[in-house]
Every structure is written in structure tokens, then in C-alpha cells.
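K.L.:
Next input, structure requested:
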Amino acid sequence: MLAQQRQAAILDRVRAAGGVRVSELASEYGVSDMTIRRDLESLADRGLLAKVHGGATTVSPGSAHEPGFAAKSVRQRAEKSAMAMRAAAMVSPGDAIALSAGTTTAELAQRLVDVPELTVVTNSIPVADVFYRAGRPDQAVILTGGTRTPSDALVGPVAVAAIGALHLDMLFLGVHGMSERAGYTTPNLMEADVNKALVKAAERLIVLADHTKWGTVGISSIVPLERAHVLITDDGLDEEARALLSETVPELVMVSGQ
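P.N.:
Numbers count the residues shown, from 1 in each chain. I've put the predicted structure just below:
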């Protein structure tokens, strides 16, 4: 396959899935990682996609754009891993917790499969799948049901109703963006309703948001910044944002993204 043909095929993949990984493309096309990176650089230089660590995603438009789960999974992978590790340390055996949809919460799920007697409520298909695959008989996993979004979240009245009667110890909330004006936001109106229901059901709210989420505003607000009991982010956050969040959020936890 010529480079031009391969790049056209890669672009089709990115547009269809929302994101791709270098390792997967190298294996599929039988070329080196370096060759794929050059292909991605060429496409990025022409404004056809956005390069991220470990892969590429579609060029992101406005506040109502919702990337797919695959697209988000290749972004800030080191930061998400560090945040998930810190969040997992907050969970104890026997807790009843909720994990919202998102790639960071899916990363957190991987670190919770060995916690005994855990009850997990989620509207995320990938999060539920992590626990179902682990198959621990002492863990209870409740998937809300609902209508599926591009990010593999379940939303709508069925999901909201499933959450309404629950009482949970903690909610680990992944967000699309956060800002002083809009608080924590999502690009999906129906997902915002589900997230609000999860917030209402939980005693404590822990938000996981890497530094790239600061200043990003989705179309729908979930809760104000100060509503989170704990905000876990990474040290890529700029000094001005750190100062503001330190004064606004009861507990700001910074992890290293390296």
C-alpha cells in the first residue's frame, strides 16, 4: 500500500471511530510505529485530524460535540492512569459507589475489580464490562439501562429512574469540561440529567478531570465547581487555574502525569 492510500484509509478510520491508536494501525498495515506517526503528522499538518499521545482523534468542534469512547481513550493516558490510582485509594471494601461514563472512570474500574464486597452503579457500558469480565461473586454491579450515546453512556428517563431510589457512598464523576462560569459540563443534554441524578444519590462527589478539561465548556452544566467534595486533576494544570480551584473546591488533589 502506498503512503497516500494508507493515509486515506487511516483518515477514514479516524472519522468512523473518532480516534485511533498508533500500535493498532501499525499492526493492521504491517508497518512500523514510526511510519504511522509520520502518516499522522502529515494528516495533522493538513488539518484533517488531531495528533494526541499514542494516536490521533478527529478535530474537535464546539460545545455540543461528543467524541466516541475510542477517541477519548487515547487522550492523556498517563494522567488518567495516575488519577484513577489516586481515586481507587479512596474506596473501601463494602462501599456502595457510582462511576459515571467516561474513559477516566473506565480506568478507575480496572483498579477496583479486586475490592471485596463492592457495589457499583454505573451508566457506562465499558465500566460495567470491566466488572462483568472480572466476575467476582461478592461484587454487585448495577447497569442503569437507557439509550446509548456515542461515548457508550446510557442516558434518558430509564437511566434517571433507575438511579432515583438509590443511596450511595460516593460518586466518581468524569466530565467533558470544567470552568469557573459553567462548572462541570457535558456535551450531551440527556447525560447531564443522568449525572445530576447520580450526584443527588451520592453522599460524596469526587470529580476526575485532567488539565485539558479546564476551560472546556460543554453545552450542559452538571453542577458548580464548589459542589465537588474532591477534585482530582494532574499537575499540567496552569497556576491560575490551580489558585482558583484551591479556593473553590474543598479538596484539590494533584497527581503527576509523567
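
K.L.:
show me what contacts residue 35?
P.N.:
By C-beta atoms under 8 Å, 6 or more residues apart in numbering, the contact set of residue 35 is residue 26. C-betas here are computed from N, CA, C, even on glycine.

K.L.:
which element is it on?
P.N.:
Applying DSSP states H and E as the criterion places residue 35 in helix 33-45.

K.L.:
Which SSE is immediately downstream of that helix?
P.N.:
Next along from helix 33-45, by DSSP H and E: strand 50-52.

K.L.:
What's the mean pLDDT across that following strand?
P.N.:
The average pLDDT within strand 50-52 is 78.

K.L.:
And for stretch 148-156?
P.N.:
88.

K.L.:
Please parse the chain into its domains.
P.N.:
Listed by automatic domain parsing, the domain ranges of the chain are 3-59, 73-255.

K.L.:
Skip ahead from the helix or strand of the chain with the lowest mean pLDDT and say which helix or strand is next.
P.N.:
When the helices and strands of the chain are scored by mean pLDDT, DSSP states H and E, helix 69-73 comes last with a mean of 51. Of the helices and strands lying after helix 69-73 in sequence (DSSP H and E), the nearest is helix 77-88.

K.L.:
Show me what whatever helix or strand comes next after that following helix packs onto, helices and strands only.
P.N.:
Under the assignment DSSP H and E, the closest C-terminal helix or strand after helix 77-88 is strand 96-99. Judged by 3 or more C-beta pairs under 8 Å, 6 or more residues apart in numbering; DSSP states H and E, strand 96-99 is in contact with helix 103-110, strand 119-122, strand 168-174.

K.L.:
Show me what counts as buried in stretch 20-40.
P.N.:
Across stretch 20-40, burial judged by 16 or more other C-beta atoms under 10 Å covers 20, 21, 22, 25, 26, 29, 31, 35, 36, 37, 39, 40.

K.L.:
Just the CA coordinates for stretch 157-175, please, in PDB.
P.N.:
Taking Å, rounded to 0.1, in the frame of the first residue of the first chain, the C-alpha atoms of stretch 157-175 are listed here in PDB:
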ATOM      1  CA  PRO A 157     -35.600   8.600  31.600                       C
ATOM      2  CA  VAL A 158     -34.900   4.900  32.200                       C
ATOM      3  CA  ALA A 159     -31.400   5.600  33.400                       C
ATOM      4  CA  VAL A 160     -32.600   8.500  35.600                       C
ATOM      5  CA  ALA A 161     -35.400   6.500  37.100                       C
ATOM      6  CA  ALA A 162     -33.000   3.600  37.900                       C
ATOM      7  CA  ILE A 163     -30.800   6.000  39.900                       C
ATOM      8  CA  GLY A 164     -33.600   7.900  41.700                       C
ATOM      9  CA  ALA A 165     -34.200   5.400  44.500                       C
ATOM     10  CA  LEU A 166     -30.500   4.700  45.300                       C
ATOM     11  CA  HIS A 167     -28.400   5.900  48.200                       C
ATOM     12  CA  LEU A 168     -24.600   5.700  47.500                       C
ATOM     13  CA  ASP A 169     -21.500   6.500  49.500                       C
ATOM     14  CA  MET A 170     -19.500   8.100  46.600                       C
ATOM     15  CA  LEU A 171     -19.800   9.200  43.000                       C
ATOM     16  CA  PHE A 172     -16.700   9.300  40.800                       C
ATOM     17  CA  LEU A 173     -17.700  11.700  38.000                       C
ATOM     18  CA  GLY A 174     -15.800  12.100  34.800                       C
ATOM     19  CA  VAL A 175     -16.600  15.300  32.900                       C
END
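
K.L.:
Give me the below-cutoff pLDDT ranges for the stretch 51-200 of the chain.
P.N.:
Where the stretch 51-200 of the chain drops to pLDDT under 70, the residues are 59-76.

K.L.:
where does residue 236 land on pLDDT?
P.N.:
pLDDT, residue 236: 86.

K.L.:
That one: what secondary structure?
P.N.:
coil (DSSP: H, G, I helix; E, B strand; the rest coil).

K.L.:
from what I can see it touches residue 211, true?
P.N.:
Yes. Residue 236 lies in contact with residue 211 (C-beta atoms under 8 Å); the separation is 3.7 Å.
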